[in-house]
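Chemist: Pasted the sequence and its predicted model underneath.
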Amino acid sequence: MSQTSFTIEQFYKYLTEGKLMAGKCTRCGKIHLPPRPLCDNCFNNQFEWTEISGKGKLVTYTVIHIAPQQFQAMAPYAVGIVQLENGLKIPGMISGVAPEQMRIGMELAIDFGACSTAQPWPQWPRYCFKPL
Amino acid sequence: MVGKPLVSIVSAGLSKFGKREGLYARELFAEAFKEALDRCPRLEPKRDIKAMFVGHMGEAYEHQGHTGAAAADWTGLLNIPATRTEAACASSGAALRSGVYAVLSGLADVVLVGGVEKMTHRTTAEVTEYLAMASDYPFEQWHGITFPGLFALMAKAHMHQYGTTEAQLAAVAVKNHYHGTLNPKAQMQKEITVETVLASRIVASPLKLYDCSLITDGASCAILTKPELARRFTDQPVHIIGSGQASDTIGLYERQSLTSLSAAKLAAKIAYEMAAVTPDDIDVAEVHDCFTSAEIIAYEDLGFCKAGEGGKLAESGETRLGGRLPVNTSGGLKAKGHPVGATGTAQAYEIYLQLTGQAERRQVKDAKLGLTHNVGGSGATAAVHIYRSETQ
């Protein structure tokens, strides 16, 4: 169907181009974010890419103080789950807002490649969310 | 009419939980197994035990995988089939379930199930990283979300939706630490107050150090057989009358609800129906309190109270020893400790003691029906088992 396969790796490659892309099942229309090789609704393996809005609302969050080794330099840092405008949820770090200002329901937008870490592995760009 | 026995537990064993310096996992497993043998003198292990399943989460701790064979070797049970089960913190809940499959299949009349983990020789950062392997790598670990972080996301959502408070979370820790003082095998042997919990340092907000379960070394096991053979080995078998296991998305973010675990609800529904009992019938329960908030959510998922009322139930004292439904009389993961691979069958061990009247200072009076609730990852696996005493 498409030259690019519907993989997690391709999802992250699109992020470097500033695009949040999902896989849409050509049979049942279910949108998969991240994309999957097999539709979990109808078991079809044919998809098309669809760009989705990176704007959404914060559903829940936490500020992580005890971090794994590769994130220790960044701690404390905030992570949350954001419900995008199309209803799908995606997790990510939240930056640009102080922990005490953070509120469930606040509007956030995806920021491409703004976050970094000292020892990234594997070498994927890392999106985050920022206040609108 | 309570459901008929699926399989029977004829013995069980538990190593001392805690910081077990200088020991390997296989040595801890042998310690747990020895207790099970001592409790069951009519069992001849080399003659009777036909298969074993051993829960073990992480080969990173000791640079050692292939735990099934290692455990068979060091318990003297060669040459039986020995298989490691891995389902994160539900690894031995899955071992127990596998034992139920094995006995019911008719392929093995007597089966050893258990689990083990050796963790305390690693740094907190290393353990944090190894535990996080049970979460989604490309979307959770990759974004710095730790295990406490995942449960903190659920705790925060629960507090927002239902008004659950940090003091209610702390009440779970206070209760389980109290129970731990009654269990000589528990890692923590001191009582704490709500203030201790609230003043402890933040791990992943709103969860603080005393909201978290422990990093622990330990092993556990149980010996299962067909109900019609149980009396050959013991006069006091405990029968498993309900067994449910379910799965959910590996990533927390894809779940419809962030305030309950649908795998746990499903596993509980299956187990209750199989056992033909309701939540009100349960006399004693061991639930997966990897974090205090997880015990509150477990109350709701298991039907011990309505959704949103878990915080109030924690504060009420009803789940404390002497209350209407004592939960985690062993001290739970919070005070007994959480050697992740050992936890599922350690819960079964506690229920075995309770239903055979051997729980000593923490004995629940006239306990006849028990339940265990074991969760893997942030809820991608759940195993629920229901047990009844011989005298029920």
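Modeler: That came through, no problem.
Chemist: Quick one: the strands in the chain, in order.
Modeler: In the absence of a named chain, chain A is used. Using DSSP state E, the strands of chain A run over A:21-25, A:31-32, A:47-51, A:55-64, A:77-84, A:89-94, A:107-115, A:126-131.
Chemist: nope, chain B please
Modeler: With DSSP E as the criterion, chain B has strands spanning B:7-14, B:51-55, B:82-85, B:110-117, B:202-204, B:207-208, B:218-225, B:238-247, B:284-286, B:369-376, B:381-389.
Chemist: Mind putting the ones you listed into a markdown table with distance to chain A, mean neighbour count and mean pLDDT?
Modeler: Just so you know, the C-beta spots here come from the backbone N, C-alpha and C atoms, and that holds for glycine as well. Listed next are the strands of chain B as a markdown table, based on distance: least, CB to the nearest CB, whole Å; neighbours: other CB atoms under 10 Å in any protein chain shown; pLDDT from 0 to 100:
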| stretch | distance to chain A | mean neighbour count | mean pLDDT |
| --- | --- | --- | --- |
| strand B:7-14 | 28 | 27 | 98 |
| strand B:51-55 | 23 | 31 | 98 |
| strand B:82-85 | 24 | 22 | 98 |
| strand B:110-117 | 18 | 32 | 98 |
| strand B:202-204 | 5 | 24 | 98 |
| strand B:207-208 | 8 | 26 | 98 |
| strand B:218-225 | 22 | 32 | 98 |
| strand B:238-247 | 12 | 24 | 98 |
| strand B:284-286 | 26 | 28 | 99 |
| strand B:369-376 | 18 | 28 | 98 |
| strand B:381-389 | 17 | 28 | 98 |
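Chemist: one step back: hey, least reliable of the strands of chain A by pLDDT?
Modeler: For the strands of chain A, mean pLDDT drops lowest on strand A:107-115, to a mean of 83.
Chemist: just checking, what packs against it?
Modeler: Identification of packing neighbours for strand A:107-115 by 3 or more CB pairs under 8 Å, 6 or more residues apart in numbering or on different chains; DSSP states H and E yields helix A:8-16, strand A:55-64, strand A:77-84, strand A:89-94, strand A:126-131.
Chemist: what comes up buried for that strand?
Modeler: Of the residues in strand A:107-115, those with enough neighbours to count as buried (16 or more other CB atoms under 10 Å in any protein chain shown) are A:L108, A:I110, A:D111, A:F112, A:C115.
Chemist: Geometrically speaking, which residue is the centre of the chain?
Modeler: Reading this off chain A. Centroid-nearest residue in chain A: A:I90, 4.8 Å away (criterion: CA atoms, centre = their mean).
Chemist: oops, I was thinking of chain B
Modeler: B:G344 (3.4 Å).
Chemist: Output the set of residues of chain A in proximity to chain B.
Modeler: Listed as neighbours of chain B in chain A under the rule CB under 8 Å from any CB of the partner chain: A:8, A:12, A:34, A:59-72, A:74, A:76-77, A:79-81, A:89-93, A:99, A:104, A:117, A:124, A:126, A:128.
Chemist: follow-up on the earlier one: format the strands of chain B as a markdown table; extra columns: distance to B:R324.
Modeler: What follows is the strands of chain B, written out as a markdown table (distance: least, CB to CB, whole Å):
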| stretch | distance to B:R324 |
| --- | --- |
| strand B:7-14 | 25 |
| strand B:51-55 | 31 |
| strand B:82-85 | 34 |
| strand B:110-117 | 30 |
| strand B:202-204 | 31 |
| strand B:207-208 | 27 |
| strand B:218-225 | 27 |
| strand B:238-247 | 21 |
| strand B:284-286 | 11 |
| strand B:369-376 | 13 |
| strand B:381-389 | 18 |
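Chemist: Next up, the contacts around the residue in chain A that chain B sits nearest to.
Modeler: Minimum separation of chain A from chain B (CB to the nearest CB) falls at A:T62, amounting to 3.6 Å. Applying CB atoms under 8 Å, 6 or more residues apart in numbering or on different chains, we find A:T62 in contact with A:A78, A:V79, A:G80, B:G149, B:A152, B:L153, B:K156, B:A204, B:S205, B:P206, B:L207.
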